[in-house]
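*Asks:* Please find the sequence and the predicted model below.
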Amino acid sequence: MGGADPAAAGVLLRAILVLLAARGGRAQKGDGCGPSVLGPSSGTLSSLGYPGTYPNNTVCEWEISVPRGDRVHFRFAELDVGDGNCQVSYLRLYNGVGPERREIVKYCGRSVKVKELIESTGNQVTVQFMSGNHQGGRGFYLSYSTTKHSDLITCVDKGTDFPEAEFSKYCPAGCLTSTEEISGTMPNGYRESSPVCVAAVHAGVVSNAEGGRIDVVSSKGIPHYEATLANNVTSTGR
């Protein structure tokens, strides 16, 4: 098989610099926690087993603290929780941690679309995931950052999700928890079907532990990919 289709689109990631605030406190507890990275200014959370079905009768709580004076917002990549019984299967976001916390929003149901950013009123947030007996459901996958980053995206957003030829976005910490695959290399670019934040970590322009800003340029007709990093497809330049 030859190299990349000349019509395939690519994404070139340019170098970035991100300044991070002082580290805040983070914690998680329970038996329903999936791979999660709770960074000082951003992070990624998921249910156990995502993108497969999460277990029955599990619970997880994530407590997130960002620097004082900041607030937290969340962007959902996917939310597919419960089988209709919202009393036992749900995802809940709270302002604050501990006994004084107050609910922001509660979600349940299959294939729920949450396109807006969900925002806290302070610098501390609790995320609570509960599951009862159920059949099916992929759970959830979301990202968070301080509200300074209004252009926060998720770890599964691809180049094809953005119509602009050039754009700048903020990637959360923890995108290597994503099971999405990338295709390409830094010198030659990445296919537009690759998640841009995962590609940014792969290219070394953002840290998986801290996240950061990326500048993306889409261009057509990448000539080739290195075989070892492009799904084992050998190709040659032209």
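*Replies:* Cool, the structure landed.
*Asks:* helix, strand or coil for Pro99?
*Replies:* Under the three-state scheme (DSSP: H, G, I helix; E, B strand; the rest coil), Pro99 adopts helix.
*Asks:* Before we move on, what's the pLDDT of it?
*Replies:* Confidence at Pro99, expressed as pLDDT, is 92.
*Asks:* what's around it, how many residues?
*Replies:* Burial of Pro99 is recorded as 5 neighbouring residues (other C-beta atoms under 10 Å). No exception for glycine: its C-beta is placed from N, CA and C like everyone else's.
*Asks:* Could you point out the helix or strand that follows the helix-or-strand element of the chain with minimal mean pLDDT?
*Replies:* Scoring the helices and strands of the chain by mean pLDDT, DSSP states H and E places strand 9-14 at the bottom, with a mean of 37. Where DSSP states H and E defines the elements, the next helix or strand beyond strand 9-14 is strand 26-30.
*Asks:* Not counting that following strand itself, show me its contacts.
*Replies:* Strand 26-30 is contacted by residues 36, 38-40, 43, 58-65, 129 when judged by C-beta atoms under 8 Å, 6 or more residues apart in numbering.
*Asks:* Neighbouring strands of it in the sheet, and parallel or not?
*Replies:* Counting by DSSP bridges, the strands paired with strand 26-30 are strand 58-65 (antiparallel).
*Asks:* Alpha carbons of the partner strand, in PDB - could you do that?
*Replies:* Output in PDB follows, covering the C-alpha atoms of strand 58-65 (Å, rounded to 0.1, in the frame of the first residue of the first chain):
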ATOM      1  CA  THR A  58     -20.100   1.800  41.200                       C
ATOM      2  CA  VAL A  59     -19.400   5.300  42.500                       C
ATOM      3  CA  CYS A  60     -16.600   7.800  42.000                       C
ATOM      4  CA  GLU A  61     -16.100  11.400  43.300                       C
ATOM      5  CA  TRP A  62     -13.400  13.700  42.000                       C
ATOM      6  CA  GLU A  63     -12.600  16.800  44.000                       C
ATOM      7  CA  ILE A  64     -11.000  19.600  41.900                       C
ATOM      8  CA  SER A  65      -9.400  22.700  43.200                       C
END
